[in-house]
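**Student:** I'll drop the sequence and a predicted model, then ask my questions.
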Amino acid sequence: MPGEQSNTHSVFIIQNGVARWLPATLRLQESVQNARTQTTGTQTARTQTAGGSGAAEVGPAPLTGPGSPAGPGPSPGLQPPHQALLFHRGGCSFGAAAIWQYESLKSRVQNYFDELQANWLEKLRPQKQGDLRKEINEWWNSLTEGQKTVAGIIFANILVFLAWPLVPPPIMLRYFTSNPASSSLCLPMLLSTFSHMSLFHLAANMYVLWSFSSSAVSMLGREQFLAVYLSAAVTSSFSSYLWKTATGRCVPSVGASGAIMAVLALVCTKMPEAKLAIIFLPMFTFTAANALKAIVVMDTAGLLLRWRFFDHAAHLGGALFGIWYILFGHELIWKNREPLVKLWHDLRTQSGGRPGGPGGAV
């Protein structure tokens, strides 16, 4: 059968030359993802555009001076600290995603044969009616790859939300709010994008992320998607730093909407004719391209008119990053990951030293 020949060929190549097999597999995986993207171009994603879905500003006053929970920091109006710039330019998420994809491709081959061996045992075991574990597994297996990917992000956001009333406020304000006047600058650029102080804010952001997850992951794959999401989170926080420092209004912000805006922007840019709708007004539909234009115009107006309800700089930074990545970043960054993957494979092979062991052949 053709399927059996394909499996045998894959195992042979892995055992005799992973370095040559892997790049071809990565390119094949990308072509499959592109084909999936073309077939999902007409699907409808419903999104929440109510006011609570934006990155919220926590308070009207900067956290500076004696007794400030965030501690003393640079005065407003100074240029953004170099530490934040270096943290933003690190690019570690894409390198980690490339290595993660390499490890996933190797483990999938081994898991395939492990599952074949275990399937007959599963068939012999009697099925229990009403088994909670079985129902959870069926629900999980019914999810798309994108929904499974963002489930961990949503869970992390919920944990941080629950931590606000439990953890001392100075710790939460220092590490889980984005503020260029804080004594901690780098970690909050990422951690603040998992932080929400309002249940409505959390629910709205997570609904939008869940709605666009299937389309985004079908385009990028789960590893690249997570790299883009985390990079967009840091980029949106850095954009907020720049604007707050330039305007001298250094107030803390929280929310995942900057990173989510990047996901929305890359999907709308890749599938401009896809139909979207507002959750409370499903009878009114509009194209993804028009939705993206409206969001960018609204956030630009918010910056110029100094609206204070949302962190419009974070929104714009995330949206522009998503547009840039789907148009140029994928070719510049992800398509050039093979040297890093080859280096990682060589390091694993040298450290392993035996077939089937750490770093050895599958």
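**Tutor:** Arrived safely, thanks for sending. Note that this is a predicted model, so its numbers are computed, not measured.
**Student:** show me where pLDDT drops low in the stretch 251-362 of the chain?
**Tutor:** 352-362 (pLDDT under 70).
**Student:** can you pull out the strands in the chain?
**Tutor:** Remark: strands assigned in the chain by DSSP state E are 45-47, 56-57, 253-254, 275-278, 281-287.
**Student:** mind putting these into JSON lines with distance to residue 151?
**Tutor:** Backbone N, C-alpha and C define where each C-beta goes, glycine included. JSON lines is the format used below for the strands of the chain (distance: least, C-beta to C-beta, whole Å):
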{"stretch": "strand 45-47", "distance to residue 151": "17"}
{"stretch": "strand 56-57", "distance to residue 151": "24"}
{"stretch": "strand 253-254", "distance to residue 151": "21"}
{"stretch": "strand 275-278", "distance to residue 151": "22"}
{"stretch": "strand 281-287", "distance to residue 151": "25"}
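**Student:** just say which of these is most tucked in.
**Tutor:** For those, the largest average neighbour count (mean count of other C-beta atoms under 10 Å) is found in strand 253-254, namely a mean of 29.
**Student:** and that one, what does it pack onto?
**Tutor:** strand 56-57 (3 or more C-beta pairs under 8 Å, 6 or more residues apart in numbering; DSSP states H and E).
**Student:** can you tell me which of the strands of the chain is nearest to residue 150?
**Tutor:** Residue 150 lies closest to strand 45-47 among those, at 13.2 Å (C-beta to C-beta).
**Student:** now that closest one: mean pLDDT?
**Tutor:** The average pLDDT for strand 45-47 rounds to 43.
**Student:** residues in contact with residue 235?
**Tutor:** By C-beta atoms under 8 Å, 6 or more residues apart in numbering, the contact list for residue 235 reads 88, 258, 262, 317-318, 321.
**Student:** same question for residue 161.
**Tutor:** So residue 161 contacts 195-197, 199, 202 (C-beta under 8 Å, 6+ apart).
**Student:** for residue 204, give its distance to residue 279.
**Tutor:** Separation of residue 204 from residue 279 (C-beta to C-beta, to the nearest Å): 9 Å.
**Student:** which one's more surrounded, these two?
**Tutor:** Shown here are residue 204 and residue 279; by other C-beta atoms under 10 Å, residue 204 has more neighbours (24 against 14).
**Student:** pLDDT score assigned to that one?
**Tutor:** Looking at residue 204, its pLDDT is 93.
**Student:** circling back to that earlier point, mind picking the two most distant members of the contacts of residue 235?
**Tutor:** The two members of the contacts of residue 235 with the most space between them (C-beta to C-beta) are 88 and 262, at 13.8 Å.
**Student:** between these two, which is the more surrounded one?
**Tutor:** residue 262 (29 against 18).
**Student:** now for that one: which residues touch it?
**Tutor:** By C-beta under 8 Å, 6+ apart, the contact set of residue 262 is 228-229, 232, 235-236, 318-319, 321-322, 325.
**Student:** which of those residues has the largest number of neighbours?
**Tutor:** Using other C-beta under 10 Å as the neighbour test, the contacts of residue 262 are led by residue 236, with 35 neighbours.
**Student:** how much space separates the spatially closest residue to that residue that is not a sequence neighbour from residue 286?
**Tutor:** Nearest non-adjacent residue to residue 236, counting by C-beta to C-beta, 6 or more residues apart in numbering: residue 258, 2.4 Å away. Distance of residue 258 to residue 286, computed by C-beta to C-beta: 23 Å.
**Student:** would you agree residue 206 is in contact with residue 160?
**Tutor:** No. Contact status for residue 206 versus residue 160: not in contact, 11.9 Å apart, counting by C-beta atoms under 8 Å.
**Student:** that older thread, nearest to residue 309, of the strands of the chain?
**Tutor:** Closest approach to residue 309 among those is made by strand 56-57 (7.5 Å; C-beta to C-beta).
**Student:** kindly reformat the contacts of residue 235 as TSV containing distance to residue 299.
**Tutor:** Shown next, in TSV, are these (distance: C-beta to C-beta, whole Å):
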residue	distance to residue 299
88	20
258	10
262	13
317	10
318	10
321	13
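**Student:** just these now: which is nearest residue 222?
**Tutor:** residue 262 (15.9 Å).
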